[in-house]
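Chemist: Sequence and predicted model, in that order:
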Amino acid sequence: MKNSCFCLMSAVGGALVGAAIAMLVTPQSGKELRGKIRHAFEDSAERLREEVDHLRSCECDK
């Protein structure tokens, strides 16, 4: 279980880093960039919360 949790966290972390790099190299205004970063962070945080809740529910089932 720990191995799959680590794998999931690594994938989410890699996706966040990749998304941040893509946003930083795309030409746009600072205000637009901050908004996109904020939105991406909120979406990722929500997905992470959902995955953690799912993993917790799986652990309780066993």
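Modeler: In hand now; what should we look at?

Chemist: Now name the helix or strand holding the spatially most central residue of the chain.
Modeler: Residue closest to the average C-alpha location in the chain (C-alpha atoms, centre = their mean): Ser44, at 3.4 Å. In this structure, Ser44 sits in helix 30-61 according to DSSP states H and E.

Chemist: related to what we said a few turns ago, mind pulling up the pLDDT for the residue nearest to the centre of the chain?
Modeler: pLDDT recorded at Ser44 is 85.

Chemist: list the contacts for it?
Modeler: Contact analysis of Ser44 by C-beta atoms under 8 Å, 6 or more residues apart in numbering lists Val12, Ala15, Leu16, Ala19. In this view, the C-beta of every residue, glycine as well, is placed from N, C-alpha and C.

Chemist: Throw those residues into CSV and include distance to Glu32, thanks.
Modeler: Shown next, in CSV, are these (distance: C-beta to C-beta, whole Å):
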residue, distance to Glu32
Val12, 24
Ala15, 21
Leu16, 19
Ala19, 15
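
Chemist: among those, which ones are buried?
Modeler: For the contacts of Ser44, a burial check counting by 16 or more other C-beta atoms under 10 Å picks out Ala19.

Chemist: Which two among the contacts of Ser44 are spaced furthest apart?
Modeler: Using C-beta to C-beta, the two most remote members of these are Val12 and Ala19, lying 10.6 Å apart.

Chemist: outside of stretch 32-39, which residues touch it?
Modeler: Ala20, Met23, Leu24, Gln28.

Chemist: among those residues, which one has the lowest pLDDT?
Modeler: Among the contacts of stretch 32-39, Met23 carries the lowest pLDDT, at 74.

Chemist: can you tell me the helix or strand for it?
Modeler: Assigned by DSSP H and E, Met23 falls within helix 2-25.

Chemist: Could you pull out the buried residues of that helix?
Modeler: So for helix 2-25, counting by 16+ other C-beta under 10 Å, buried means Ala19.

Chemist: All set now, cheers.
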